[in-house]
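Visitor: What follows is a predicted structure for the sequence shown.
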Amino acid sequence: MKRVITYGTFDLLHYGHINLLRRARALGDYLIVALSTDEFNSNAKNKKTYFSYADRKMMVESIRYVDLVIPEENWEQKRNDIRLYQVDVFVMGDDWAGKFDFLKEEGAEVIYLPRTPEISTTQIKNDLKHLILPR
């Protein structure tokens, strides 16, 4: 069985996320999603999520391409996850291109997939800000 892993926050789930997960799953037989915890987002990524970890986990688990969701609690856990889950392919969006090439040392193929260009969580948040009219 060929195992694939990807990492992310997956807040305000949208079709760009689904495209990434669909393409990641197509690279193997089993897809693991390491979902950033609320604490990791807040402390290390300086991000505030709209949905809690529990809610994001429930949504990501319901996607048919995803076989397992695990917590992402720190930047350093990727090497251990590859070993622990016997990962063959590490996948991220191409906005991270080159940043995780060191994981090839763990025996994993590292692939950066093109993002869906017309959509992002940041764009959705910015668009929503402009839709809210002052009273």
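Guide: Looks like it arrived, so ask away. The structure presented is a predicted model; accordingly, all values stated were derived computationally and were not measured. Numbers count the residues shown, from 1 in each chain.
Visitor: Show me where the chain has its helices.
Guide: 15-25, 38-43, 53-61, 77-84, 121-131 (DSSP state H).
Visitor: residues making contact with the second one?
Guide: With contact meaning CB atoms under 8 Å, 6 or more residues apart in numbering, helix 38-43 is reached by 9, 47-49, 52-53, 72-74. (Each C-beta comes from the backbone N, C-alpha and C, glycine too.)
Visitor: Please identify the deepest-packed of the helices of the chain.
Guide: helix 15-25 (a mean of 19; mean count of other CB atoms under 10 Å).
Visitor: got the CA positions of that helix in PDB?
Guide: Only the C-alpha atoms of helix 15-25 are listed here, as PDB (Å, rounded to 0.1, in the frame of the first residue of the first chain):
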ATOM      1  CA  TYR A  15     -13.000  23.500  -3.500                       C
ATOM      2  CA  GLY A  16      -9.200  24.300  -3.600                       C
ATOM      3  CA  HIS A  17      -8.700  22.200  -0.500                       C
ATOM      4  CA  ILE A  18     -10.800  19.400  -2.100                       C
ATOM      5  CA  ASN A  19      -8.700  19.600  -5.300                       C
ATOM      6  CA  LEU A  20      -5.500  19.300  -3.300                       C
ATOM      7  CA  LEU A  21      -6.800  16.300  -1.300                       C
ATOM      8  CA  ARG A  22      -8.200  14.600  -4.500                       C
ATOM      9  CA  ARG A  23      -4.800  15.000  -6.300                       C
ATOM     10  CA  ALA A  24      -2.900  13.900  -3.200                       C
ATOM     11  CA  ARG A  25      -5.000  10.800  -2.800                       C
END
